[in-house]
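Peer 1: model this:
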Amino acid sequence: MSFTPLISRPTTRLLVNRSIIRKNPLMSRATRASSSRLLSTSTPRPSSSGSGSKSGSASGSGSRSDSGSNSNSKRRYLPYALAIPASLLLIPTLSADSSSSSSSSGVVEGQGDSSAVPLSSLESASISSLIRTYLVYTLICTPGMVDYSPQLLHAFTHSPIPGLKYITEAIIRSTFFGQFVPGENVQECLPTIKELQQRGVASMLNYSAEADLSTIQIPQSASNENGNNSKNVAEQLEEIARNDRLQEVFNALKSAGEFEKSLPENAKGATSFALKVTGLIDPPILTRASTTLLRVRPLAASTSPMSSNSPLAVPYPGTPQSSDVRILAREPSMGEGKELLSLNGVLGSMGVKDTDEGLRKGDLEELSNLWGKLKKIGQVAKDNGIPLLVDAEYTWMQPALDAYTLLLSNEFNRPPAVGSPEHGSWKGPLIYGTYQSYLTRQPTHLAAALNHAQEHGYALGIKLVRGAYFDKERKKWKKESREGADPIWPDKPATDLSYNGSITTIISTLSSQLASSKPEGALSVIFGTHNPGSCDLICDGLKEAGLATELEDGRLQLRDDVKGKIGVAQLYGMKDDLTDRMASKFVFDGRPVAIKYIAYGKLAEVMPFLGRRAIENKSLMSGDEGAAAERKRVGSEIWRRMFG
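Peer 2: Prediction:
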């Protein structure tokens, strides 16, 4: 992750860096031509919780222009595009700016001391990582870069031109991969996890690799008698890939557990793992199961006695029910379930068409096997003290994922009996579901989940997000002419209203649960957001509910029974300023409130993920608080260190 230092003494390194800039022909021209612009571009603006004043981020510049030419504004990137790659190769890592400064800070020594203020991401970063960040966000600001990144990556890595694949991977590894992925496995991520913990930031790991089936070796015995084994080979490739992913999940949970064991008691439980269930089963099975669930649920509800606590009417894709176990975790006592295979029909209110395929023969067995895997994953997570967050997917497979999350919550989120040996070590729910606020079902779905948890005696784990599949969801609904409006709110303000409304609901419910006769059943929540306004709402809500107290210096002190129940997360490599702000907003006494979502995996496997993630989060990279703002913030720090 870092470059080999050329000279070890910090003072000499600084002189060498300035000398490189002066003497290198490529850099000297670019630097002299753009130094005044870099200085004005990098000047930090006063922070605010909302959108700042308009800058030239659309054209790639926030500095004052000497002319009104748009072309000149766009060409302003050229010096940076030339200078920064050279500096990545020539400027050594300043270890004094990273690990040494972290270890000498009062944060590490004073962990658990309420007077300790965590280091910011800028203060703890090496000069080379800052330059890499500046380069990456400069490229992201380039028009079309995000939109075409998946196609470009695929074209370069699959090109017949000799060596192009390796050159491309080398560039990606030292730029985008290094910015957004701290390692290829958990062991490589551990230094980052430890550094984040010292800065008052927890880690949420996510194995984001997508297996390249062409690289997996199939035993020779796989051939069938007829020699026509292409389908069997493909199925075996898929099965091998799924087994590899399952083993990686176990390895990750155990490695994260070892890290947790090294922490003080008051800091344990902050490291978590985001699970992608679609990596453990053929995704079309989840889609078919979801269609059948949507058809069965009204039938199950119609045979149940009506009461004042009857399930709420939740829009597509609905909300899970206890009866879903008949499909997803079927036991022999329930029969073979042949009647489920022939179930069909239209359910317009739930977006189901007559042509939507339901369960096939063999699907119930695959679903039952998946449930066995999930229970084993849950047990390993429990044994290692690592909260497990079930990732959300497209709505057409979300009913099955919601139902598995409910089954896991029933299994692992039940508080131990008061007075039992396990009661004293209870830290809250182990299983978290993902609640996507851009879906119109969000308010009623959240209310239904809160009610179900209360009625069935388990603590609810919530990961609240806005959502990332906007375009695909809307296009699918329109293309297939499904009944009614698509499942997404009509615009971003409506999504923001849904998200912020959920914040209020969750905090209010948490306050009530902690004040009840069974506080051990209180929910826990991780707010996934890159929106400063939502972060302000979280902080204000905690104060107003009496769950946190504001100190004289403006920081918040969580109530003892709230510690570990509130987290605020951003993606690794993005919105570091907001993560810094949340880390410094709360008293750091061992258990961080700020969290980084850390994707990891081998470079070749993660590249498709990186391309899609860029598109899914394109809105986060635009505007005054997006990539341009991050580039300015980092540029200011580079200028301060090298010329200040």
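Peer 1: SS state for the closest residue to E357 other than its chain neighbours?
Peer 2: Counting by C-beta to C-beta, 6 or more residues apart in numbering, R288 is the residue found nearest to E357 once chain neighbours are left out, at 5.6 Å. (Each C-beta comes from the backbone N, C-alpha and C, glycine too.) For R288, the assignment made with DSSP: H, G, I helix; E, B strand; the rest coil gives helix.
Peer 1: count of neighbours near R288?
Peer 2: R288: 21 surrounding residues under other C-beta atoms under 10 Å.
Peer 1: for stretch 251-260, which positions count as buried?
Peer 2: A252, L253, S255, A256, G257, F259, E260 (16 or more other C-beta atoms under 10 Å).
Peer 1: ugh, wrong one, I meant stretch 446-462
Peer 2: 446-450, 452-454, 458-462.
Peer 1: Quick check: A449 touching G433?
Peer 2: Yes: with contact defined as C-beta atoms under 8 Å, A449 counts as touching G433 (7.0 Å).
Peer 1: residues shared between the contacts of those two?
Peer 2: Common contacts of A449 and G433, defined by C-beta atoms under 8 Å, 6 or more residues apart in numbering, comprise L460, I462.
Peer 1: I'd like the average pLDDT over the longest helix seen in the chain.
Peer 2: In the chain, with assignment by DSSP state H, the single longest helix is helix 230-261. Per-residue pLDDT over helix 230-261 has a mean of 89.
Peer 1: circling back: contacts only, for the residue nearest to E357.
Peer 2: E357, G358, L359, R360, D363.
Peer 1: Just the buried ones from these, in ChimeraX syntax?
Peer 2: A single ChimeraX command selects the buried members of the contacts of R288 (16+ other C-beta under 10 Å):
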select :358,359,363
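Peer 1: In CSV, could you pull the C-alpha coordinates for stretch 504-523?
Peer 2: The C-alpha trace of stretch 504-523 is given here as CSV (Å, rounded to 0.1, in the frame of the first residue of the first chain):
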residue,chain,number,x,y,z
THR,A,504,-36.3,9.9,13.6
THR,A,505,-38.3,6.6,13.9
ILE,A,506,-35.2,4.6,14.8
ILE,A,507,-33.9,7.0,17.5
SER,A,508,-37.3,7.5,19.0
THR,A,509,-37.8,3.7,19.2
LEU,A,510,-34.4,3.1,20.6
SER,A,511,-35.1,5.6,23.4
SER,A,512,-38.4,4.0,24.2
GLN,A,513,-36.9,0.5,24.2
LEU,A,514,-34.0,1.4,26.5
ALA,A,515,-36.6,3.0,28.9
SER,A,516,-38.7,-0.2,28.9
SER,A,517,-38.7,-3.1,31.3
LYS,A,518,-36.6,-5.1,28.7
PRO,A,519,-33.8,-2.8,27.6
GLU,A,520,-31.7,-5.8,26.5
GLY,A,521,-34.1,-6.1,23.6
ALA,A,522,-33.3,-2.6,22.2
LEU,A,523,-32.3,-2.2,18.6
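Peer 1: quick revisit: in helices only, show me the buried residues of stretch 446-462.
Peer 2: Of the buried residues of stretch 446-462, the ones assigned to helices by DSSP H are L446, A447, A448, A449, L450, H452, A453, Q454.
Peer 1: which stretches of the stretch 1-150 of the chain have low pLDDT?
Peer 2: Residue ranges of the stretch 1-150 of the chain with pLDDT under 70: 1-117, 143.
Peer 1: before we move on, what about the stretch 301-450 of the chain?
Peer 2: The model of the stretch 301-450 of the chain has pLDDT under 70 over residues 301-312.
Peer 1: and if we set it to 80?
Peer 2: Along the stretch 301-450 of the chain, the parts satisfying pLDDT under 80 run over 301-312, 423-424.
Peer 1: which residues in it form strands?
Peer 2: 388-390, 431-436 (DSSP state E, counting those that start in this stretch).
Peer 1: May I see these organised as JSON lines, with distance to I127 and mean neighbour count added?
Peer 2: Shown next, in JSON lines, are these (distance: least, C-beta to C-beta, whole Å; neighbours: other C-beta atoms under 10 Å):
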{"stretch": "strand 388-390", "distance to I127": "34", "mean neighbour count": "24"}
{"stretch": "strand 431-436", "distance to I127": "37", "mean neighbour count": "25"}
